[in-house]
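Enquirer: From the sequence below, what's the structure:
(chains A and B)
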Amino acid sequence: MAEQTAGLTSFIHLVETIADNKYVLGDRLVEVGVSGPNLEATLAAIAMAQGELGHARLLYNWSADLKGVKKADVKDQSGKALPNAVKVNNWITLIASLYATNAAIDLVLKAVSESEHAKVASRVQKLINEQKEHIIYARGWAKQLLNDKGAVPAKFKEALNEAIPEAGEWLKSVEAQTEIVEEGYMSKTVSLYEAFKAEVEQLTTPALVSTN
Amino acid sequence: MSVKTKQRTTFDVFTRIERGDDLIHIGTVEAETAELAKVYAAYTYDEEDWVEMCVVDRAQLDWVRKPKGLFAGKGA
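Expert: Numbering: from 1, shown residues only, chains lettered A, B, ... in the order given. Sure thing, here's the model as predicted:
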């Protein structure tokens, strides 16, 4: 087994955190997405669940490779998923969590794709390409729910105000692990948190959704 | 509380299986925006590894000729 530097240990933890989030989102997309508001949205949710679970499998296997251990069957997430994603129980919380979590993961994966290690960079490129549609879907639905009628927009803003700060805090914690950047597993071109704030502001005004 | 989706539009879905093949109409999706229509089309019609796929808002089609109703002559 290869000796683990501090940077590698933190990077493995990061890979497992993303895998856990994708595992949980895949599970929620099936559980909640199957009763989506219309047929197309439901079909897309189930197809995306397959994508998220496929990404989780790939990332768990990658983590095992990095640790130099045998790949094991994954029966459940390892406890690193964002709590907000775990407690998704309806369409509104699903879209809020899908949007916030995937937007944050996308920024991390893009930073990893600019890693100094060619093998590390190449492993995430396919994931980034495949999750583009997941983000377009979540953003599209988020815009719709914000402009819906009745109690839906307020409920959705409430869900976003829980999901977005949590994802923001996670990005701050990733940035605080400077050893990941120092050992070249991730580029330090832009602040992940600032980029996330900019993405969220595109969706809605800062007055409506808190990023703090 | 139920989510009421806003007015949905019909988008026709066109694909090309391989380079040089004809662009063929394979179906439709109903979506609230063109962005969502693209996502829905990609996930709904994934039976082939299409080289091209596009969606067209049906309201944007300029018709040259349309079939008349079967019973138009009888005032139906």
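Enquirer: May I see the buried residues of stretch B:21-40?
Expert: Neighbour-count burial for stretch B:21-40, counted by 16 or more other Cβ atoms under 10 Å in any protein chain shown, picks out B:26, B:28-33, B:35-40. No exception for glycine: its C-beta is placed from N, CA and C like everyone else's.
Enquirer: what's the answer for stretch A:81-98, then?
Expert: Residues A:81-82, A:84-86, A:88, A:91-98 are the ones in stretch A:81-98 that count as buried (16+ other Cβ under 10 Å).
Enquirer: Columns secondary structure and distance to residue A:52 on top of those residues, output as a markdown table?
Expert: What follows is the buried residues of stretch A:81-98, written out as a markdown table (DSSP: H, G, I helix; E, B strand; the rest coil; distance: Cβ to Cβ, whole Å):
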| residue | secondary structure | distance to residue A:52 |
| --- | --- | --- |
| A:81 | coil | 12 |
| A:82 | coil | 14 |
| A:84 | helix | 16 |
| A:85 | helix | 10 |
| A:86 | helix | 14 |
| A:88 | coil | 12 |
| A:91 | helix | 17 |
| A:92 | helix | 19 |
| A:93 | helix | 16 |
| A:94 | helix | 12 |
| A:95 | helix | 14 |
| A:96 | helix | 16 |
| A:97 | helix | 12 |
| A:98 | helix | 9 |
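Enquirer: would CSV of the residues you listed with pLDDT and distance to chain B be doable?
Expert: Shown next, in CSV, are the buried residues of stretch A:81-98 (pLDDT from 0 to 100; distance: Cβ to the nearest Cβ, whole Å):
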residue, pLDDT, distance to chain B
A:81, 95, 24
A:82, 95, 23
A:84, 93, 19
A:85, 95, 20
A:86, 95, 22
A:88, 95, 15
A:91, 95, 6
A:92, 96, 7
A:93, 96, 12
A:94, 97, 11
A:95, 96, 9
A:96, 96, 13
A:97, 97, 15
A:98, 97, 12
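Enquirer: measure residue A:76 to chain B for me?
Expert: 27 Å (Cβ to the nearest Cβ, to the nearest Å).
Enquirer: is stretch B:49-67 anywhere near chain A?
Expert: No. Stretch B:49-67 stays clear of chain A (Cβ under 8 Å from any Cβ of the partner chain), getting no nearer than 11.6 Å.
Enquirer: Output stretch A:192-203 as CSV - backbone C-alpha positions only.
Expert: Provided in CSV are the C-alpha atoms of stretch A:192-203 (Å, rounded to 0.1, in the frame of the first residue of the first chain):
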residue,chain,number,x,y,z
LEU,A,192,-14.7,27.7,-4.7
TYR,A,193,-16.9,29.5,-2.3
GLU,A,194,-16.9,32.7,-4.2
ALA,A,195,-17.6,30.8,-7.4
PHE,A,196,-20.5,29.1,-5.7
LYS,A,197,-21.9,32.4,-4.5
ALA,A,198,-21.8,33.7,-8.0
GLU,A,199,-23.6,30.6,-9.4
VAL,A,200,-26.3,31.0,-6.7
GLU,A,201,-26.7,34.7,-7.4
GLN,A,202,-27.5,33.9,-11.0
LEU,A,203,-30.4,31.8,-9.9
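Enquirer: How about residues contacting that stretch?
Expert: Contact with stretch A:192-203 is made by A:99-100, A:103-104, A:107-108, A:111, A:139, A:142-143, A:146, A:164, A:167-168, A:171-172, A:174-175, A:209, A:211, as judged by Cβ atoms under 8 Å, 6 or more residues apart in numbering or on different chains.
Enquirer: cool, and stretch A:17-28?
Expert: Stretch A:17-28 has contacts (Cβ under 8 Å, 6+ apart) with A:49-53, A:55-56, A:59-60, A:63, A:74, A:76-82, A:85-86, A:88, A:94, A:97-98, A:101-102, A:105, A:108-109, A:170.
Enquirer: Without its sequence neighbours, what residue ends up closest to residue A:156?
Expert: residue A:145 (4.1 Å; Cβ to Cβ, 6 or more residues apart in numbering or on different chains).
Enquirer: Make sure residue A:185 is actually in contact with residue A:123.
Expert: No. Residue A:185 lies out of contact with residue A:123 (Cβ atoms under 8 Å); the separation is 11.2 Å.
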